[in-house]
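Engineer: Next input, structure requested:
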Amino acid sequence: MKKILFLCAVFTASIMMAQDLPTNPEPGKCYVRCTTPDVYVNETMTITLKPAYKVLKTMPATYKTVTERVMIKEEGKKLSVIPAKWGTENVSYVSKDGGNTIKVIPASFTASSETVEIKPAYAQWELGAAAPDCASGNPDDCRYWCYKGYPAEFTTVSTQVLANDASISKSPIASKNSSYTKTVMLEPSRVVEEVIPAQYKEITKTVLDKDAYTVEETIPAVTKTVSREVLKEKGGLTTWNEVECSLVEYQALPINWNLGSASLTNEARRIIDSRLMPVLQQNPGVKLEIASHTDVRGGASNNQDLSERRAKAVADYLISQGVNASLLVANGYGENKVKNRCREGVSCTEREHAVNRRTEFRLINN
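Structural biologist: So this is what the prediction gives:
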């Protein structure tokens with residue numbers, strides 16, 4: 001009867017969808033309209049929460065104590081003068097030089113003579129006597145001319161010739177000698193140089209061993225690996241799938257929630273894996289509603305929030321297991337849909353309240 005009623009409900013709801021109805025439906029069967037879902041794959045990506053950076057640490061300078069030998073007085077010199085040494089000696093000298101006396105020997109002469117030409121020889125033309133047999137009336141016509149020579153004329157002069165020229169005769173005069181005493185240097189003065197050694201002292205001082213410096217340390221980046229869905233294949237094609245009629249009504253998901261908690265326990269995850277996952281695997285593309293309820297105890301607002309968080313916790317877990325998020329609807333109804341008389345102000349047992357404190361699921365149309 002329930003199957004027939006659901007099919008009728010499906011057909012009634014589908015009247016508004018015009019011709020979008022299952023073709024050739026069979027009486028007594030239940031159908032759910034499915035949308036071929038978008039196919040997503042999960043991939044991980046690394047997000048840099050904080051980039052790598054450098055930290056500079058300052059290292060202080062270090063010092064050490066050393067002992068050093070230092071000069072406190074430079075090397076010097078001491079000069080000592082050694083005076084000269086003196087002595088005496090006799091020195092002979094010529095007090096009067098020797099010389100000579102000179103005697104002049106005058107020149108001597110001897111008698112001599114010298115013949116001197118006083119008139120040189122000569123010749124001249126002379127007119128001769130007229131010829132006795134001259135026939136001319138002019139007596140000069142018969143005269144002849146002769147070139148007559150005459151000898152030179154000489155005279156003898158008495159002279160003296162030098163027999164011995166004037167000369168001198170030297171007679172040596174002996175020199176005179178004397179002596180005197182003088183002081184002589186036996187050893188000259190000198191300077192003796194004495195080296196005065198330098199003076200030293202040991203001092204202690206603090207010296208820089210290693211100057212201040214910085215050490216660079218690289219702080220690695222802080223990353224976080226997140227999982228995200230990436231569209232692999234676009235869906236959208238609407239189809240009608242036959243489903244078990246019981247699945248279109250709310251089915252209990254027997255999760256025992258801890259009081260006031262919306263966290264899944266390991267047992268709750270096991271129940272989801274064994275109860276819900278097979279339904280989704282056997283009905284691919286069908287949308288699933290997860291409904292969570294509370295009892296009436298506590299504030300209505302808190303109950304509404306708690307129911308929503310519990311429904312979302314189940315949906316999040318299914319998504320983490322690879323279920324497409326577009327096929328999940330998580331609804332929290334708080335205390336609005338109690339299944340028994342245990343409403344606000346009614347006294348009920350704990351077992352009666354537990355009936356209302358439930359999580360359910362059902363298949364719904366896309």
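Engineer: Point out where the stretch 51-200 of the chain drops to low pLDDT.
Structural biologist: Scanning the stretch 51-200 of the chain for pLDDT under 70 picks out the ranges 128-132, 135, 137, 139-141, 144.
Engineer: where do the strands sit along it?
Structural biologist: Secondary structure of the stretch 51-200 of the chain by DSSP state E, counting those that start in this stretch: the strands cover 53-59, 62-73, 76-82, 85-96, 99-105, 108-119, 122-127, 145-150, 153-164, 167-173, 176-187, 190-196, 199-210.
Engineer: which stretch among those comes nearest residue 231?
Structural biologist: strand 53-59 (35.6 Å; Cβ to Cβ). C-betas here are computed from N, CA, C, even on glycine.
Engineer: Number of residues surrounding residue 305?
Structural biologist: For residue 305, the count of nearby residues is 15 (other Cβ atoms under 10 Å).
Engineer: Please name the residues that touch it.
Structural biologist: With contact set as Cβ atoms under 8 Å, 6 or more residues apart in numbering, residue 305 has these partners: 332, 334.
Engineer: okay, the helix or strand hosting it in PDB with CA atoms only?
Structural biologist: Per DSSP states H and E: residue 305 is located in helix 300-320. Extracted in PDB, the C-alpha atoms of helix 300-320 (Å, rounded to 0.1, in the frame of the first residue of the first chain):
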ATOM      1  CA  ALA A 300      14.500  25.300  21.100                       C
ATOM      2  CA  SER A 301      17.200  27.400  19.600                       C
ATOM      3  CA  ASN A 302      19.900  25.200  21.000                       C
ATOM      4  CA  ASN A 303      18.100  22.100  19.900                       C
ATOM      5  CA  GLN A 304      17.800  23.400  16.400                       C
ATOM      6  CA  ASP A 305      21.500  24.200  16.200                       C
ATOM      7  CA  LEU A 306      22.500  20.900  17.700                       C
ATOM      8  CA  SER A 307      20.300  19.000  15.200                       C
ATOM      9  CA  GLU A 308      21.800  20.900  12.200                       C
ATOM     10  CA  ARG A 309      25.300  20.300  13.400                       C
ATOM     11  CA  ARG A 310      24.700  16.500  13.800                       C
ATOM     12  CA  ALA A 311      23.200  16.300  10.300                       C
ATOM     13  CA  LYS A 312      26.100  18.200   8.900                       C
ATOM     14  CA  ALA A 313      28.600  16.000  10.700                       C
ATOM     15  CA  VAL A 314      27.100  12.900   8.900                       C
ATOM     16  CA  ALA A 315      27.200  14.700   5.500                       C
ATOM     17  CA  ASP A 316      30.800  15.900   6.000                       C
ATOM     18  CA  TYR A 317      31.900  12.300   6.800                       C
ATOM     19  CA  LEU A 318      30.200  11.000   3.600                       C
ATOM     20  CA  ILE A 319      31.900  13.800   1.500                       C
ATOM     21  CA  SER A 320      35.300  12.800   3.100                       C
END
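Engineer: Mind listing what's buried along it?
Structural biologist: Going by neighbour count (16 or more other Cβ atoms under 10 Å), the buried part of helix 300-320 is 303-304, 306-308, 310-315, 317-319.
Engineer: Centre of the chain to it, how far?
Structural biologist: 61 Å (Cα atoms, centre = their mean, to the nearest Å).
Engineer: same question for it, mean pLDDT?
Structural biologist: The average pLDDT within helix 300-320 is 93.
Engineer: Next up, phi/psi of residue 352, please.
Structural biologist: phi -70, psi -40 (degrees, to the nearest 10).
Engineer: how near is the residue lying closest to it once chain neighbours are set aside to residue 349?
Structural biologist: Nearest residue to residue 352 in three dimensions, chain neighbours excluded: residue 342, at 5.0 Å (Cβ to Cβ, 6 or more residues apart in numbering). Residue 342 is 9 Å from residue 349, where distance means Cβ to Cβ, to the nearest Å.
Engineer: More neighbours: those two, which one.
Structural biologist: Using other Cβ under 10 Å as the criterion, residue 342 and residue 349 rank with residue 342 on top: 21 against 9.
Engineer: what about the stretch 251-366 of the chain, any weak spots by pLDDT?
Structural biologist: Looking at the stretch 251-366 of the chain by pLDDT under 70, you get 365-366.
Engineer: Now do the helices in it.
Structural biologist: For the stretch 251-366 of the chain, the helices defined by DSSP state H, counting those that start in this stretch occupy 266-282, 300-320, 350-356.
Engineer: Can you check which of the ones you listed gets nearest to residue 120?
Structural biologist: Taking Cβ to Cβ, helix 300-320 is the member of the helices of the stretch 251-366 of the chain nearest to residue 120, at 179.4 Å.
Engineer: Just the angle for the closest one relative to helix 266-282, thanks.
Structural biologist: 60 degrees (axes from the mean of the first three to the mean of the last three Cα atoms, to 10 degrees).
Engineer: tell me the contacts of residue 263?
Structural biologist: Counted by Cβ under 8 Å, 6+ apart, residue 263 has contacts residue 313.
Engineer: Quick check on it: phi, psi?
Structural biologist: For residue 263, the backbone dihedrals are phi -100, psi 140 (criterion: degrees, to the nearest 10).
Engineer: cool, residue 321 as well?
Structural biologist: phi -90, psi 10.
Engineer: Same question for residue 60.
Structural biologist: Per degrees, to the nearest 10, the backbone of residue 60 is at phi -70, psi 160.
Engineer: The closest residue to it other than its chain neighbours: what's it in contact with?
Structural biologist: Spatial nearest neighbour of residue 60, excluding adjacent residues (Cβ to Cβ, 6+ apart): residue 212 at 5.6 Å. Residues in contact with residue 212 (Cβ under 8 Å, 6+ apart) are 58, 59, 60, 61.
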